[in-house]
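# Starting from these lines, generate the structure:
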Amino acid sequence: MTVWQDGKERCFWANPKNERYVRYHDEEWGVPVHDDKKLFELLLLECFQAGLSWECVLNKREGFRQAFAGFDLDKVCAFTEADVDRLAANPAIIRHRRKIEAAIGNARVFRKIAEEYGSFSKYLWQWTDGKVIYDHVSTTSPLSDALSKDLKKRGMKFVGSTTIQSYLQAAGLINAHLPECFLYNRKES
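From the prediction side, this is the model:
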């Protein structure tokens, strides 16, 4: 790990040439999220990331925000086939038709889970007993395997174990910052 110009050590993947990516690393990634709207946004973006780089998705985040109604769950749940066609023609996002259809279907499952548990956050955090897990090595885990299996059983798509591991890291259930990174020991909220 190298020390950056600001004197801080960061995870190796944070691209110093992409200010958006560095801000994401420093301000968002690994911060525990309990807000359902934010959890929905991260899940939608992670599902589009499958097979691509997170940097690619992050660079299109604002396009996704506009295309998916500000990540408003109810609005996305109401999307129709015409919306799928509109999104598939939108160069501001990743125009993968199956992922677009999955995002809409996943929104509907997300809402059902939130209704069942009182919030999606309660459903998600119960998998770790409300605690943050430290794991900077794994690309999958028994936790991501089990959660992926449950989400698939409920009808979600593009939620394989690797995608879910990344989601858990992004949402702060798993702190995957490297021990040398200045954020490894961030105080959890």
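# Show me the longest helix that occurs in this structure.
helix 97-117 (DSSP state H).
# May I see the buried residues of that helix?
For helix 97-117, a neighbour-count test (16 or more other CB atoms under 10 Å) marks 99-111, 113-114 as buried. The C-beta positions use only the backbone N, C-alpha and C, and glycine is treated the same way.
# which sections of this structure are below the confidence cut-off?
For the chain, applying pLDDT under 70 flags the ranges 1-2, 187-189.
# Find the centremost residue of it, please.
The chain has L42 as the residue nearest its centroid, 3.0 Å off, counting by CA atoms, centre = their mean.
# And the contacts of the helix or strand containing that one?
Using DSSP states H and E, L42 maps to helix 36-49. Residues from elsewhere that reach helix 36-49, judged by CB atoms under 8 Å, 6 or more residues apart in numbering: 33, 56-58, 61, 64-65, 68, 71-73, 76, 93-94, 96, 99, 102-103, 106-107, 110, 114, 119-121, 124, 157-159, 163-164, 166-167, 170-171.
# re earlier: next SSE after the longest helix of the chain?
Next along the chain from helix 97-117, counting by DSSP H and E, comes helix 120-125.
# any idea how far that following helix is from the chain center?
Centroid displacement of helix 120-125 relative to its chain, using CA atoms, centre = their mean, to the nearest Å, is 14 Å.
# Show me which positions of that helix end up buried.
Quick answer for helix 120-125 (16+ other CB under 10 Å): F120, S121, Y123, L124, W125.
# can I get those in JSON lines with distance to R186?
Compiled in JSON lines, the buried residues of helix 120-125 are given as follows (distance: CB to CB, whole Å):
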{"residue": "F120", "distance to R186": "23"}
{"residue": "S121", "distance to R186": "19"}
{"residue": "Y123", "distance to R186": "24"}
{"residue": "L124", "distance to R186": "19"}
{"residue": "W125", "distance to R186": "17"}
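# And the furthest pair within these?
Spatially, the most separated pair among those is F120 and W125, at 9.5 Å (CB to CB).
# could you check the distance from L58 over to Q66?
Noted for L58: a distance of 15 Å to Q66, by CB to CB, to the nearest Å.
# Then N18?
In terms of CB to CB, N18 sits 20 Å off from Q66.
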